[in-house]
Structure formats: structure tokens, C-alpha cells
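Participant: compute the structure for the input listed below.
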Amino acid sequence: MHPCLRSLGKTSGFVVVGLLVAALVLLPGCIKVGPDYQQPKTQVPGAWKEADDPALVKRQTELTTWWTVFNDPQLTELIKRADTGNLDLKAAVSRIKEARAQLGVVLGYELPAVDAPASALKQQYSQNDLTGTGLNGTNISLGVEASWEIDLFGRISRQVEAAKADFQASQEDKTDVMVALYAQVAQTYLTVRTLQARIAATQENIESQKGVLKLTQSRFKWGLATDLDVSQAQTVLGSSQSELPPLRSDLSQSLNALALLLGLPPSSLNPELMRNGKLPTPPRKVAVGVPADLLRQRPDIRRAERQLAAATARIGVATADLYPRFSLLGSLGTAARNGGDLFAGGSTFFSIGPSMSWNLFAGGSIRAQIKVQDAQAEQALLTYENTVLSALKEAEDAMVAFQQEKLRQQYLRATVLASRRSLKLAIRLYKEGLQDFQRVLDAQRTLFDFDNALAASRGQAAINLVNIYQALGGGWDPAAKRETPPNNALEAAGL
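Facilitator: I've put the predicted structure just below:
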């Protein structure tokens, strides 16, 4: 028999151990220390403040593929490509895998840990050993050792609760990245189309100003205008032409930003997007639902709620350290002085029995750790409440911006029409000698500014609509089934 282990040799010993093991096995789940999680109750307004606008409809909006409201196949194709190519989204998927594996680590604590030690040691004891117990020679042993912590006070089950909540939070994080990605693709695409519209408006004004310059040069040639008129016409034309390079630079940067969102090298999208495309127009009416929808639609709110659940469970993990830990230990094996006797009679050894450890004094560190977890749970609750308030603010701000930009666009359209008419009248009166050239210059500058502003406003109104959909949590299906947490470590490992 192995000299360092004692086997239970009496029947009464087995009876005692059996009773202890049965008691420990039957007790788990009876006591789970720490607070049980309760989802926070959040008060939200019954309706949006801006919902009186006829353009904003209170009915439930279709968020899954909101970009289709623009009726732009190019935009739809870009979002599909971003869904498979964006690197941030791939990183979020990887974080889900990490959380799933971490859950598997914790689930493994619920099962016994089994080890298979083996050794072959040649021993030489001191010749001056006064005890006379040293034996020289070889000692070979093979065996199996097992340990199983009995989760009497819920320490492990609370760890599992926290890990499951973290896993669910990682799924919401991925959804949040996806919602932001779709919005960024649409915003950047609309910026590209807006810049192209502004460039087109600028070029149209430049052609008009070139015609006015030819007119002044012709009139100067025949003594009907001064050299000052020609110089002023050249100044206005040059000023307008100087606006093109910055717009083209912004266009190139926006195209590169869009390529990055799709996981492509810079300039990859230039061949298909450099050709001027139509700037998408928002629909006349937009369904925005009610504020309560945000609690189920916004992935950042759902993620914050799951993080609060995890933080609450960790209070129980810390509290369990105040109580003793019970484990069941056992070993079975064979040992001999030479290999031929390993499986001979009398070489077998075993041990089995319960074990308890209790940290009776830790200098207050255990209770301090409980306070740490309490504080972190309080912070998680405040983060959740702040996330809800921020979501409400973002949605309200986006709706106001959308409404006001559409109103601004109406005024700009009327102003552009009036400016075009003013320029035509100013040129005609100038040709007839009924007014000086300054009126023509003023009309040119006014038309240029408002023409450019109208193109920018059209794009901004579309972008503001994208902001509404993003604020509402658009881009995914709230009713879609999520991946359920694995039930055991083997399932988490994919085995």
C-alpha cells in the first residue's frame, strides 16, 4: 500500500462517508446567497414629443430593413456587402465566441475535476536518517484523483448566472455594432451623393457665370461696359471655381470611408460610385412608434440590462466566500516498488471523503469585496438608466432635426427659384442698360450660395432620417431568436 495515503478499511468508515456525501449532494440549490436579479422598472413617456407632426406616424415602424424606404438598390447592395465584410462586425462576432467559451469555463466548475497522476521515482535517503524510515529504491504509482466542489451556498451557480448574462450581453453588443454599421454605411453613402449634387450645382453655376463673363467681355469690346465689369465677373467665376477642389476632396474621403466600412481598400468603390447618382429622397411619412418600443428595440439598452444582471450575480459570488466550501475528494490507484507488481494484489490504494475549507479571517477583505460588487452593481444600474435616457434623447433629437431640416428645405427651394428669376432679370436689365453690373454680381452670388445650400439640405434631411432609424434601433429584427446559452461545458466547447 502507498505509504503516503490511507485507505478506508472499516465498514463503518464507508457508512459515515456515504451519509456525508448524500447530505452534501442533496443540499445544493437549497441555499443561494446574494440578491436575486430583478429587471429594473423604467418609466418612459407614452408618446414622442414631436409626434404631432403629420410626417411622423405613431404606428410601429418596420426596422428590419429600414433602408429600403429610400428605394435605392445601390444603398441596399452596399449594406449587404458591409454585413459580410466589415471588420468591426467580425470582431463583435469574435467577442461572442469569447463569451461563450468563458461561459464554458464556468460551467465546468459544476462538474468533478479528474486528474490522472503517474510517477516513477528512484529514491536515495540519507544514511544518517535517525528515524530509520527511509527506504531506498524505486517507487512507481498510477492512479486517478477526483475532486468535486459541492455548491452548497450557490457560489458556482452565481458564477454561471453572471457568465450567461455576459454571453447575452455580447450578443447585444454585436447587434449594436450592426445597427451602427448600417447607419454609418447609409450616412456615408448619402454624404457621397450629397457632395456629388453640390458639385453638380456648383458646375452649373460656373457655366452660367462663364456666360456672364463672355457677355461683359463682349460689351466691353464694344464700349458698352467697363473693364471693372469684366474684372468683377472674373472674380465671381474664380470664387465659384475655387469651391470645387474642397468638394472633390471631401467626396474622395467619403468614398474611402465607405470602402473601409465594407472592409475594402481605399478607392475600391470609386468605379461604381464616382458616376453621379440620384440623391435618395426620404418618404413623406415616417413611422416612429412609441418610446416604450426602445426598451426592446435598442441593443445598447438590452446590453446594459444584461450587464446589470451579471453584476448582480457577482454579488452572490462574493457573498459565498463568507461561508465554508465543501468538496468531495477521492483517489484510486496502484503503487509498487517495481513495474511487475503494479497490478498485483496488495498494490491498490484508494481514498474518499468530504473536505471543508472556511476562511474564518481575511482582514475584512471578503466583506470589502462584497461592497465592491455592490458598488459595481449600482454603477451598472445607473448605466442602464442613463442608457435609456440617452436613447430617448437621441430619438427626440433626430426627429426634431428631421422635421426642421425638411422645413428648411422648403424655404430653400422657394429661395432658389426666386434667385434664378432674379439673376435672369438682372442680366436682362443689364443688357438693356437699365441697371449696373453690381446687381448681376449680387444675384450670381445669391444663387450660388442657395443652390449649394439646397443640395446640402436635401442630403442632410435624408441623413437625419437615417439618424431616426438608428436611434430607434433599426437594422435588425427584435423578434429574431437569439442563440441560447449552452447548458454545460461540453456544449459550450462545441463537443
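
Participant: okay, helices next: where are they in this structure?
Facilitator: Using DSSP state H, the helices found in the chain span residues 11-26, 73-85, 87-107, 155-221, 227-241, 244-261, 270-273, 294-297, 299-320, 365-431, 437-471, 489-492.

Participant: what angle sits between the third one and helix 244-261?
Facilitator: Angle, helix 87-107 to helix 244-261, by axes from the mean of the first three to the mean of the last three Cα atoms, to 10 degrees: 30 degrees.

Participant: which positions in stretch 393-407 come out as buried?
Facilitator: Within stretch 393-407, the residues scored as buried using 16 or more other Cβ atoms under 10 Å are Glu394, Ala395, Glu396, Ala398, Met399, Ala401, Phe402, Gln403, Glu405, Lys406. Every residue, glycine included, has its C-beta placed from N, CA and C.

Participant: just send those back as TSV, with pLDDT and distance to Ser327 too.
Facilitator: TSV is the format used below for the buried residues of stretch 393-407 (pLDDT from 0 to 100; distance: Cβ to Cβ, whole Å):
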residue	pLDDT	distance to Ser327
Glu394	95	51
Ala395	94	52
Glu396	94	56
Ala398	94	56
Met399	93	59
Ala401	94	61
Phe402	94	62
Gln403	92	65
Glu405	94	66
Lys406	93	68
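
Participant: which one of the residues you listed is nearest Ser351?
Facilitator: In terms of Cβ to Cβ, no member of the buried residues of stretch 393-407 lies closer to Ser351 than Glu394, at 63.1 Å.

Participant: endpoint to endpoint, stretch 107-118 covers what distance?
Facilitator: With Cα to Cα, to the nearest Å as the measure, the first residue of stretch 107-118 is 28 Å from its last.

Participant: renumber starting at 9 from here on
Facilitator: Renumbered: residue one is now 9, and that last one reads stretch 115-126.

Participant: tell me the mean pLDDT over that stretch?
Facilitator: Taken as a whole, stretch 115-126 has an average pLDDT of 88.

Participant: excluding residues flanking it in the chain, which one is nearest Phe445?
Facilitator: Nearest non-adjacent residue to Phe445, counting by Cβ to Cβ, 6 or more residues apart in numbering: Asp237, 4.3 Å away.

Participant: actually Pro290, sorry about that
Facilitator: Of all residues apart from its sequence neighbours, Leu473 sits closest to Pro290 (Cβ to Cβ, 6+ apart), at 4.5 Å.

Participant: now, which of the buried residues of stretch 401-415 sits nearest Asp258?
Facilitator: Top of the list for closeness to Asp258, among the buried residues of stretch 401-415 and by Cβ to Cβ, is Glu413 at 19.3 Å.

Participant: ok, and the closest non-adjacent residue to that closest one?
Facilitator: Leaving out its chain neighbours, the residue that sits closest to Glu413 by Cβ to Cβ, 6+ apart is Ala469, at 4.4 Å.

Participant: re the thing from before, ranking the helices of the chain by burial, who's on top?
Facilitator: Taking mean count of other Cβ atoms under 10 Å as the contact definition, the stretch among the helices of the chain with the greatest mean neighbour count is helix 307-328, which reaches a mean of 23.

Participant: tell me which strands and helices it is in contact with?
Facilitator: Here helix 307-328 is seen to pack against helix 163-229, helix 302-305, helix 373-439 when contacts are counted using 3 or more Cβ pairs under 8 Å, 6 or more residues apart in numbering; DSSP states H and E.

Participant: can I get the CA coordinates of it in CSV?
Facilitator: Provided in CSV are the C-alpha atoms of helix 307-328 (Å, rounded to 0.1, in the frame of the first residue of the first chain):
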residue,chain,number,x,y,z
PRO,A,307,-29.5,46.7,-28.4
ASP,A,308,-27.5,49.1,-26.2
ILE,A,309,-30.4,49.1,-23.7
ARG,A,310,-30.7,45.4,-23.8
ARG,A,311,-26.9,45.0,-23.3
ALA,A,312,-26.9,47.4,-20.3
GLU,A,313,-29.7,45.3,-18.8
ARG,A,314,-27.8,42.1,-19.2
GLN,A,315,-24.6,43.7,-17.7
LEU,A,316,-26.7,44.7,-14.7
ALA,A,317,-27.8,41.1,-14.3
ALA,A,318,-24.2,39.9,-14.4
ALA,A,319,-23.1,42.5,-11.8
THR,A,320,-26.0,41.4,-9.5
ALA,A,321,-25.0,37.8,-9.8
ARG,A,322,-21.4,38.6,-8.9
ILE,A,323,-22.6,40.0,-5.5
GLY,A,324,-23.7,36.4,-4.7
VAL,A,325,-20.3,35.1,-5.8
ALA,A,326,-18.5,37.4,-3.4
THR,A,327,-21.0,36.8,-0.6
ALA,A,328,-20.5,33.0,-0.9
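
Participant: so who does Trp413 touch?
Facilitator: Actually, residue 413 is Glu rather than Trp. Counting by Cβ atoms under 8 Å, 6 or more residues apart in numbering, Glu413 touches Ser465, Gln468, Ala469, Asn472.

Participant: now swap in Ser430 and tell me
Facilitator: Ser430 makes contacts with Ala451, Thr454, Leu455, as judged by Cβ under 8 Å, 6+ apart.

Participant: switch to 10 Å and redo it
Facilitator: For Ser430, the residues meeting the contact criterion (Cβ atoms under 10 Å, 6 or more residues apart in numbering) are Arg447, Val448, Asp450, Ala451, Gln452, Thr454, Leu455.

Participant: pick the one among those residues closest to Glu106.
Facilitator: Distances from Glu106 to these, taken by Cβ to Cβ, are shortest for Leu455, at 57.7 Å.

Participant: the closest one against Leu431, yeah?
Facilitator: Yes. Counting by Cβ atoms under 10 Å, Leu431 is a contact partner of Leu455 at 5.3 Å.

Participant: of the contacts of Glu413, closest to Ser339?
Facilitator: Of all the contacts of Glu413, the one with the least separation from Ser339 (Cβ to Cβ) is Asn472, at 69.9 Å.

Participant: wait, that closest one sits on Glu402?
Facilitator: No. Counting by Cβ under 10 Å, no contact exists between Asn472 and Glu402, whose distance comes to 12.0 Å.

Participant: so how far is Ser149 from Thr356?
Facilitator: Computed as Cβ to Cβ, to the nearest Å, the Thr356 to Ser149 distance reads 11 Å.

Participant: what sits in contact with each of those two?
Facilitator: Common contacts of Thr356 and Ser149, defined by Cβ under 10 Å, 6+ apart, comprise His10, Gly341, Thr342, Ala343, Ala344, Leu350.
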